[in-house]
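>>> Let me see the structure of the following:
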Amino acid sequence: QVQLVESGGGLVQAGGSLKLSCAASGRTFSTTTMGWFRQAPGKEREFVAGIGWSGGSTSYADSVKGRFTISRDNAKNTGYLQMSSLKPEDTAIYYCATKRSLSLNIRTGVNEYDYWGQGTQVTVSS
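Numbering: from 1, shown residues only. Model prediction:
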């Protein structure tokens, strides 16, 4: 069983930055694709960014390209999402998720991931 714990959320003004972390338990983190998703009130959960097992492949939603950067440190069993130039529309609960995969192809579907964290709230004020 894999447990994921997000941290780093909070309240920030528009234009500001936050860095989210996702700490994973177990020994399988280095063989997983990791994704970040978000869910705003009244909206469906959506893909934000994903990174392959080695860190060599990444994918971003168009809405965050150029502003967010996903990374991972397999030695620390931790993934990250650096968020810059934040906008009020980035306000949501952010979730990390993992999928057992050694593929370079980053999956973006909610149903394609096996394990999920509990989420961390990000609020961007205007």
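>>> make it CA atoms for all contacts and neighbour counts henceforth
Will do.
>>> show me what contacts Leu112?
In this structure residue 112 is Glu, not Leu. Applying CA atoms under 8 Å, 6 or more residues apart in numbering to Glu112 gives the contacts Lys99.
>>> can you start the count at 750 instead of 1 from here on
Will do, 750 is the new start, and the previous item becomes Glu861.
>>> Distance-wise, check it relative to Ala846.
Going from Glu861 to Ala846 by CA to CA, to the nearest Å gives 10 Å.
>>> separation between the closest residue to Gln752 other than its chain neighbours and Gly758?
Ranked by CA to CA, 6 or more residues apart in numbering and with sequence neighbours excluded, the top spatial neighbour of Gln752 is Ser774, at 5.3 Å. Using CA to CA, Ser774 is found at 20 Å from Gly758.
>>> how many neighbours does Ser820 have?
21 (other CA atoms under 10 Å).
>>> Settle this for me: it is touching Met832, isn't it.
No: Ser820 is beyond contact range of Met832, at 11.4 Å (criterion: CA atoms under 8 Å).
>>> got a pLDDT number for the most centrally placed residue in the chain?
The residue lying closest to the centre of the chain (CA atoms, centre = their mean) is Trp785, at 2.1 Å. You'll see Trp785 listed with a pLDDT of 98.
>>> for Gly775, same thing?
You'll see Gly775 listed with a pLDDT of 83.
>>> ok so, going back, three-state assignment of the residue nearest to the centre of the chain?
strand (DSSP: H, G, I helix; E, B strand; the rest coil).
>>> Was I right to think it contacts Ala846?
Yes: with contact defined as CA under 8 Å, Trp785 counts as touching Ala846 (6.3 Å).
>>> Gly866 versus the residue nearest to Gln752, what's the distance?
Separation of Ser774 from Gly866 (CA to CA): 11 Å.
>>> Touching both of these two, which residues are there?
Both Ser774 and Gly866 are contacted by Gln752, Leu753, under the criterion CA under 8 Å, 6+ apart.
>>> I'd say Asp822 and Leu830 touch.
No: counting by CA under 8 Å, Asp822 stays clear of Leu830, with 11.8 Å between them.
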